[in-house]
Structures are given as C-alpha cells and as structure tokens.
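# Mind folding the following:
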Amino acid sequence: MLVLLFILFGGLAVGCAINVVAQRNPLYCAISLIGVFMSLACLYLMLAAPFIAAVQVIVYAGAIMVLVVFVIMLLNVEQEEKRRMRMGFLVPAAIALAAALIAEVTFILAFVDSEPLQVSDIGLTRSIGPALFTQYLLPFEITSILLLMAIVGAMTLARRTGELSARARVVPGDQMLALSEIDPTTSHEAPGTVEAHTTSEAARVLGITKRE
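Numbers count the residues shown, from 1 in each chain. Predicted coordinates for the structure are as follows:
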C-alpha cells in the first residue's frame with residue numbers, strides 16, 4: 001500500500017514539475033508548483049515527518065505561493081510567446097538526463113535492499129522547534145528579510161514601469177483631440193481641434209520632434 005501511495009504522489013510531483021517548465025502562462029506555472037508542494041507534503045507524511053509536511057503546506061503552498069502570485073499579478077506578466085529555441089541541444093540533453101535518472105531509480109528499487117525504518121524523533125515538532133529557535137535562529141530570520149526584500153523589489157519594478165519623464169510626449173495615431181488638452185499654453189484664437197490619422201502626421205501637425 002505504501003509503495004502504491006509513493007508511486008502516486010511521486011508521479012504527481014514529477015508531472016506537476018514538468019508542467020511548471022512546460023506552461024507558457026506564469027499563473028498556471030504557479031498553480032502547478034502548488035501541486036508539487038502538496039505532493040511533497042504527502043511524501044513527507046508517509047516518511048513519519050508530520051511537522052515538515054505541515055510546514056510544506058502552510059509555508060510553501062500557502063505563504064510563498066501567495067507571494068509568487070502577488071508578484072505575478074503586480075508585474076502584470078503576460079503569457080510568453082513561443083519562440084524558436086536557440087540552443088537545440090538542450091532537448092536531447094534533457095531527455096538523456098531524464099532517462100539516466102529513471103534508470104538509476106529503477107536500479108535502486110530493484111537491486112538495493114533497504115533496511116526497515118527505525119523509529120526516531122526526526123521531523124517531529126519537539127525535535128525541530130528547539131533547534132529552529134536556538135541553533136538556526138539567524139538563518140530563520142535572514143529568510144524573512146529576504147522575503148521582505150523580494151516584496152519591496154517587486155513593488156519598485158512595478159512603479160518604474162509606469163513612470164514617464166516630465167518632458168515626455170505621447171503622440172496618438174488616428175485621433176481627434178482638443179489642442180488645449182495637448183498644449184495648455186495654446187491661445188484661444190488657435191484652432192480648437194487637431195485631426196491626425198497616423199502618428200507621424202500627428203507629430204508633424206503638433207510640431208513635436210523626437211528628442212534623444
């Protein structure tokens with residue numbers, strides 16, 4: 001029964017991981033990554049590590065993925081266009097490495113005798129808690145600082161994409177606009193509207209030249 005569950009959750013984790021790199025939409029990649037985390041949590045639970053399984057669900061599938069989805073929506077990342085692969089040797093190399101990994105796992109399962117698991121307190125709350133807040137307290141706090149830096153960096157990048165210089169001018173194409181809206185300094189005796197069918201024609205009518 002345990003072997004069947006291991007094959008089920010292991011195959012689900014591998015399938016979701018492949019979907020993470022195969023999807024073009026970043027939101028679908030994030031959802032597939034949640035499937036990987038949940039499958040790993042089930043594997044940890046089978047290995048008698050309930051605390052690690054709970055942390056995998058709460059921290060990674062919960063908080064971390066909420067942060068990833070937040071950054072994706074904040075940056076407004078669109079679906080990646082399919083382009084011609086420049087390094088064509090990567091696909092055969094990936095297939096060869098995957099075949100080697102499968103052969104290695106098959107050899108271990110078929111020919112390596114595993115000893116029965118001994119009961120221990122590894123992976124339990126009472127063994128991880130004291131070490132986490134005593135010996136590993138500094139790495140734990142550094143991780144929280146890194147997450148905060150990621151949020152601040154994402155917000156900074158999102159703000160920079162929407163900023164325009166004070167001297168920037170956006171020239172529309174096929175538009176009919178009031179001249180007073182484009183240039184507030186225009187006198188009232190000037191024509192009230194400007195009609196243009198192309199961007200170059202609008203630039204010529206308004207007297208806007210490209211500045212480096």
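# Need the distance between the two termini of stretch 19-35.
Taking CA to CA, to the nearest Å, stretch 19-35 runs 10 Å from one end to the other.
# do the same with stretch 129-136
Length of stretch 129-136, first residue to last, CA to CA: 10 Å.
# Please apply the same query to stretch 124-141.
End-to-end distance of stretch 124-141 (CA to CA): 21 Å.
# Can you give me the neighbour number for residue 95?
10 (other CB atoms under 10 Å). (Each C-beta comes from the backbone N, C-alpha and C, glycine too.)
# Find the helix or strand that it is a member of.
For residue 95, the enclosing helix or strand under DSSP states H and E is helix 90-111.
# average pLDDT for that helix?
Mean per-residue pLDDT for helix 90-111: 86.
# same check, this time on stretch 151-170
Rounded mean pLDDT across stretch 151-170 is 64.
# One more: stretch 133-144?
For stretch 133-144, the mean pLDDT works out to 85.
# which residues are contacting that stretch?
The contact list for stretch 133-144 (CB atoms under 8 Å, 6 or more residues apart in numbering) reads residue 132.
# Could I get the full set of helices for this protein?
Using DSSP state H, the helices assigned to the chain run over residues 2-22, 26-46, 50-55, 65-75, 90-111, 125-132, 137-161, 179-182, 199-206.
# Which positions within the first one qualify as buried?
In other words, helix 2-22. For helix 2-22, a neighbour-count test (16 or more other CB atoms under 10 Å) marks 9, 12-13, 16-17, 19-20 as buried.
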